[in-house]
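In: structure here, sequence nowhere to be found:
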């Protein structure tokens, strides 16, 4: 069963789709879907409540919320759409914060981390969000005569080839120094399907775990390491090259199945009987070795990264300007 | 026959490979190969001498020189390697210039055009080369009291979404104004195989033609439009997503062929009998539509773009500092 | 009299202030001032109507409109303020366009030129405005099957050390190629007083003339060269180092004048009797020579450039989205 | 006496010059000068050995080495000059490292911090140096199976308005996490004279202290806070606006002194008798208030920052590639 998830995706909603039909239930995994007409988005909440569920889903226990702008052609970016998506994000982010009431938000010290590589466009979501963030901690510190940390701080760890350090090391060092109440990590993700690129936002209360995204963030950035809740906000901007090939192979097998002479053909039946892991393994072996380190991304990724980073920053800014 | 080239590649050397075995000759196409031990590169010169050759190759008549750093793992960039590759590039570029003697080089007025989108990493080769170029025209103009244009000038047209203009329009306007003796266009290319990414340089005396590279440079930047020779320098940095899938399908068919029950199976024989165009068409139909606009690129594209742009700038600077 | 203006300023409103008291009139120069309560800005319209006026003002004949956000502490940037200033800019820009009715705007082909050096923060206003502009010409060209040029196009010429060309050459080449109906040039300016830095916008229907701003735009970008109206939009972001010193010297002389023993002191009276040109010349001689090539700018120039470039882009976008 | 140093400079060599004639000695301050013919640089070593010396010099006790490229017109940057300056820097940096022998260098874990604001050109030296650094720590960590930290790591803290944190907080957090053996901080400095801009490098074993440079690095980045030696490498890129005005005032007073009627004039004698502090205070009062937050910088600062950051990176890379 686990093999269902060998196609790499960072989206819990895709793990779920690949696994279940619409009516099946996965043990240890609660799913809740809702269409929000007001903002034209589909919300899917996946909660992994047991270790067994975590194993099946290949993701740590916790809450995953996906905001899909399903009726939104990502080419139709505009400033109204940015605000709508930003508002939904703000609402969902609020529910994940370790506060009960809006008034408590303004007492929080929040460290926002922009993960990824600013020099590789599809991996630059995190750094770009930071560039659009309303950073306020220093203002409170000056007013407060350097008392308790409060307000928004932000960091861009960069990638190992630039810093010589793992992002997780850097975040841990900074977090121990300034002692935020909560950490929010923003990162570009890999999707399993082109339709979710640049139009889906995932929030998770699990932090960031080894190998997530296209970067190399090996050590976890999570509550275990940092001692405070870590909320991850991610948007898929790439698909692994192997995923695209694998998906196409599925389609080819479907086409071949319909050719009359194929029916009852032993060799073909073998191929058809391959499960996802086996097919994925075959594809990986057939692919030129360097393809494994490659990703697929749209030509206009600069425009979608710009739009989505402004959207995420708008949402985060909105939450923390509330009170 | 033409279908051999439906797999998109901007490299003449790959068109040739896909078409011929090692010993075949294509009518109207002259090929000359040489291994340059001193610099550890393979040089392939493809000359298309007749309209028939141009049709077969799917490329305009002219000379194409490919410098392949075959023994070079693109992860081992260093400053010596940059100089070696740069020297070979300088030598080949010199032979394409409209001069006979080294002394004449310093009398040339040369416009270097950095095509592509600086905001999408794999498409940023051209803009990055310009950033490393020794621009000199303004110095000669000041000395010369604005007499005949001389020395190196440079422009970065950007992409249509940023300028509202085609690159070709912008280059044509500037070229008519400053009347260079020769135009050199630098652009990122699409390869047909991962092995040539970031380690191959192509020079061509044909200029840039519609749809080349991953950008949208529809109108030609060539001698016909500009009235002066146009030399194109390109390095493959991406592969079209459809190419990767198509290549993998070929491998799958090979594997299936060896399964015993497949022999003599009518449906499979049909599939196997598909030529490249038919297979490519099938792949395109099976691919999710958005994939057609996607490209595949390595995760560390920022490092290879940086290295290769410094190499190209080094080579161009070297030619024009000669005398 | 001309010496009054030796203190370098690119703002017509400062030329006027240095020259006249509040009630004087300069021959050939019409001045109209208005406080716009709705938007909290002071508008000054200076019209130079005769060659004599042009000589006195040291600026070409034409209309100059200054929008001063006088009650605006430039540290209080916010998105509302940006919209207010942008609306005033849009209104004044509309009056300078070669159209009578709003409906005609959408038929215009407009080339917006971002002058200056993107790599020197206070000189980067022009390039930053272009980055925020709604460029549309290519969309109309596709719809129109490449008929008459229409919509917004944009270019960033860069500086001579990067391009080897004068900005004016590049703009002329592009303008001849795409034949816009009007050209809008955006540039950073030098002010004569710190109070106008980053909070004043000047529009002029005279284009850009040699030596304006801190860049080296020697050849004119004006109707004479381009054959179409050229509107200049500028914001002061620097003060020449010599201006700051000169102004302080004036203050020192004032202080010395009040020391009792100075009265009737011949040497001092000589100094006091110096006119602005003489004082400025003295300052220039006393300054270390390299200071002449230096400018004064605030430490937080990155924030004000960002805010003001978004404001100007908002204003320009607003005009051309009307209809 | 202390007032001698009120003209702000970050260079110990300028503090010394303002204070002493060539032959004077300051108590608690040792000075050693040498002209290095091979590389065409003047070396000045200032050692502050007592608290009294520190008070007089307005700088903490420690060693300051200044490398002045005195015969070097900063417009004649070239790659040879970069290597020469880089070699001198490497040699002086080596002497400040907490090692005795070259072999020990390769065992060091070194954190290089690029202070300053990448978005304000004259303050971008630190970030630009990091971009050119050979970062190696991650490679050793992978080989070493995450044993003792070794090799070069690098961070760019950014400025408070971007991060909400003081640079010192961020460096402290990271240093506690990765435990380097030595920290090297690179920062842009303010000079007291234009002649030292972009052509002087200062090394100090004192770390970075509050208010140094043009940024706002209030908390110290020094051995006291970090527990390991902190070496500061700085290059002056700006002059405070008040310094330029003050220097010019000195020149004006000199000129006035030579006017015959001034001799014996009481008011003027008062002015002349002002010491530097008093003059500086007067200038500050006369300056428009906003000027106090302004700096003076050359128009071509982008080119000198680029050259100097490559030079510093070359020097640092050279030291740590030795063994």
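Out: Thanks, I have the structure now. For clarity, every value in this text was computed on a predicted model and none was experimentally measured.

In: burial count for residue A:255?
Out: 15 (other C-beta atoms under 10 Å in any protein chain shown). C-beta coordinates here come from the backbone N, C-alpha and C atoms, glycine included.

In: can you tell me the helix or strand for it?
Out: helix A:241-258 (DSSP states H and E).

In: tilt between that helix and helix B:241-257?
Out: 50 degrees (axes from the mean of the first three to the mean of the last three C-alpha atoms, to 10 degrees).

In: I'd say residue A:99 and residue A:108 touch.
Out: Yes: the pair residue A:99 / residue A:108 is scored as a contact, 6.6 Å apart, by C-beta atoms under 8 Å.

In: flag every buried residue along the helix holding residue A:255.
Out: A:241-249, A:251-253, A:256 (16 or more other C-beta atoms under 10 Å in any protein chain shown).

In: quick check on the nearest residue to residue A:318 once chain neighbours are set aside: phi, psi?
Out: Computed as C-beta to C-beta, 6 or more residues apart in numbering or on different chains, the closest residue to residue A:318 that is not its neighbour in sequence is residue A:90, at 4.1 Å. Backbone torsions of residue A:90, given as degrees, to the nearest 10, read phi -60, psi -40.

In: could you give the number of residues near residue A:90?
Out: When neighbours are counted by other C-beta under 10 Å, residue A:90 comes out with 18.

In: wasn't residue A:134 part of a strand?
Out: No: secondary structure of residue A:134 (DSSP: H, G, I helix; E, B strand; the rest coil): coil, not part of a strand.

In: ok, the residue in the stretch 1-150 of chain A that chain D sits nearest to to chain C distance?
Out: Residue nearest to chain D within the stretch 1-150 of chain A: residue A:137 (3.3 Å; C-beta to the nearest C-beta). Counting by C-beta to the nearest C-beta, to the nearest Å, the gap from residue A:137 to chain C is 17 Å.

In: tell me what the residue positioned nearest the centre of chain A is bridged to.
Out: By C-alpha atoms, centre = their mean, chain A has its centre lying nearest to residue A:234, at 3.1 Å. Residue A:234 has these beta-bridge partners by DSSP bridges: residue A:187, residue A:202.

In: hmm, it is touching residue A:186, no?
Out: Yes: because the distance of 7.2 Å satisfies C-beta under 8 Å, residue A:234 is recorded as touching residue A:186.

In: walking through chain A, point out its helices one by one.
Out: With DSSP state H as the criterion, chain A has helices at A:12-19, A:51-57, A:79-96, A:102-105, A:125-131, A:137-143, A:160-163, A:167-178, A:223-226, A:241-258, A:266-273, A:276-286, A:301-321.

In: if we can go back for a sec, elements contacting the helix holding residue A:255?
Out: helix A:266-273, helix A:276-286, strand A:294-298, helix B:241-257, helix B:266-273, helix B:276-286, strand B:294-298 (3 or more C-beta pairs under 8 Å, 6 or more residues apart in numbering or on different chains; DSSP states H and E).

In: so where's the stretch 201-323 of chain A shaky on pLDDT?
Out: A:210-218, A:256-277, A:279-289, A:322-323 (pLDDT under 70).

In: who's in contact with the closest residue to residue A:48 other than its chain neighbours?
Out: Leaving aside its chain neighbours, residue A:48 sits nearest to residue A:61 (4.8 Å; criterion: C-beta to C-beta, 6+ apart). Counting by C-beta atoms under 8 Å, 6 or more residues apart in numbering or on different chains, residue A:61 makes contact with A:48, A:49, A:50, A:51, A:53, A:54, A:206.

In: using a markdown table, please lay out those together with neighbour count.
Out: Listed next are the contacts of residue A:61 as a markdown table, based on neighbours: other C-beta atoms under 10 Å in any protein chain shown:
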| residue | neighbour count |
| --- | --- |
| A:48 | 27 |
| A:49 | 14 |
| A:50 | 12 |
| A:51 | 11 |
| A:53 | 18 |
| A:54 | 17 |
| A:206 | 23 |
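
In: JSON lines for those, including distance to residue D:148?
Out: Listed next are the contacts of residue A:61 as JSON lines, based on distance: C-beta to C-beta, whole Å:
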{"residue": "A:48", "distance to residue D:148": "38"}
{"residue": "A:49", "distance to residue D:148": "41"}
{"residue": "A:50", "distance to residue D:148": "40"}
{"residue": "A:51", "distance to residue D:148": "35"}
{"residue": "A:53", "distance to residue D:148": "40"}
{"residue": "A:54", "distance to residue D:148": "34"}
{"residue": "A:206", "distance to residue D:148": "31"}
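
In: spatially nearest residue to residue A:314 (excluding sequence neighbours)?
Out: Leaving aside its chain neighbours, residue A:314 sits nearest to residue A:86 (3.5 Å; criterion: C-beta to C-beta, 6+ apart).

In: what's near enough to touch the one you found?
Out: So residue A:86 contacts A:311, A:312, A:314, A:315, A:318 (C-beta under 8 Å, 6+ apart).

In: which one of the residues you listed is nearest to residue B:158?
Out: residue A:311 (24.4 Å; C-beta to C-beta).

In: count of neighbours near the closest one?
Out: 25.

In: what separation is there between the nearest residue to residue A:313 once chain neighbours are set aside and residue A:221?
Out: Computed as C-beta to C-beta, 6+ apart, the closest residue to residue A:313 that is not its neighbour in sequence is residue A:132, at 3.4 Å. Distance from residue A:132 to residue A:221, counting by C-beta to C-beta, to the nearest Å: 21 Å.

In: residue A:242 too?
Out: Counting by C-beta to C-beta - residue A:242 and residue A:221 are separated by 26 Å.

In: next one: residue A:133
Out: 18 Å.

In: and what of residue A:90?
Out: 22 Å.

In: got the end-to-end distance for stretch A:98-105?
Out: For stretch A:98-105, the first-to-last residue distance is 9 Å (C-alpha to C-alpha, to the nearest Å).

In: can you list the buried residues in that stretch?
Out: So for stretch A:98-105, counting by 16+ other C-beta under 10 Å, buried means A:99, A:105.

In: hmm, it touching chain D?
Out: No: judged by C-beta under 8 Å from any C-beta of the partner chain, stretch A:98-105 stays clear of chain D, getting no closer than 15.9 Å.

In: got the residues of the stretch 51-200 of chain A near chain D?
Out: A:130, A:135-138, A:151-156, A:158, A:160-166, A:169-170, A:172-178.

In: give me the number of residues near residue A:84?
Out: For residue A:84, using other C-beta under 10 Å, the count is 20.

In: try residue A:232
Out: 28.

In: that one - nearest residue in space that isn't next to it in sequence?
Out: residue A:204 (4.6 Å).

In: just checking, residue A:162 touches residue D:136?
Out: No: using C-beta under 8 Å as the test, residue A:162 is too far from residue D:136 to be in contact (11.8 Å).

In: more neighbours: which of those two?
Out: Neighbour tally, residue A:162 and residue D:136, criterion other C-beta under 10 Å: the higher count belongs to residue A:162, 22 against 19.
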